[in-house]
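Participant: Sequence first, predicted model second:
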Amino acid sequence: MHSILTFFNDHIQMIYIVILSIFLGIEVIGRVPSVLHTPLMSGANAIHGVVIIGAIIVTGKAQSDNYFALILGFLAVVLGTLNVVGGFVVTDRMLEMFKSKKKSPK
């Protein structure tokens, strides 16, 4: 318990930045009209691949006895991959809506 409190004391500025960025992200996404939400989010999720590469690099540089960093890096890679795949699935479904339907011969 003492180590957790020490961590929070040492990294209080970074914790404030993360909390403020969460609130800012919620406000920005909340103000996007629903018509634009799907194309914007699918494009943003495709760009999320940069986060995956960063998570792989950070996880690779973590010390082998630092389990917190390894677990956090693994979760970042898994969740980032899910986000990218989801973005491509949404984009594919969105593009399918614009394709003309073939008429079946009777």
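Facilitator: Sure thing, it's come through. Numbering: from 1, shown residues only.

Participant: buried residues in the helix ranked longest in the chain?
Facilitator: Here the longest helix in the chain is taken by residue count, with DSSP state H as the criterion, and it is helix 67-98. Along helix 67-98, the positions that meet the burial threshold by neighbour count (16 or more other Cβ atoms under 10 Å) are 73, 76-77, 80, 83-84, 87, 90-91. Quick note: C-beta positions are derived from backbone N, CA and C, even for glycine.

Participant: quick check, nearest of those to I57?
Facilitator: Of all the buried residues of helix 67-98, the one with the least separation from I57 (Cβ to Cβ) is G73, at 9.1 Å.

Participant: Quick check: the closest one touching V58?
Facilitator: Yes. In this structure G73 lies within contact range of V58 using Cβ atoms under 8 Å: 5.5 Å.

Participant: sorry, back to before: ok, so of the buried residues of helix 67-98, who is nearest F23?
Facilitator: Checking the buried residues of helix 67-98 against F23 with Cβ to Cβ, the nearest one is N83 at 20.2 Å.

Participant: distance of that closest one from I71?
Facilitator: 18 Å (Cβ to Cβ, to the nearest Å).

Participant: now do L20
Facilitator: Distance of L20 to I71, given as Cβ to Cβ: 25 Å.

Participant: same thing with I56?
Facilitator: 14 Å.

Participant: Domain boundaries for this structure, per the record?
Facilitator: For the chain, the domain assignment from automatic domain parsing gives the residue ranges 1-31, 35-97.

Participant: Poorly predicted segments of this structure, please.
Facilitator: 34-43, 45-46, 103-106 (pLDDT under 70).
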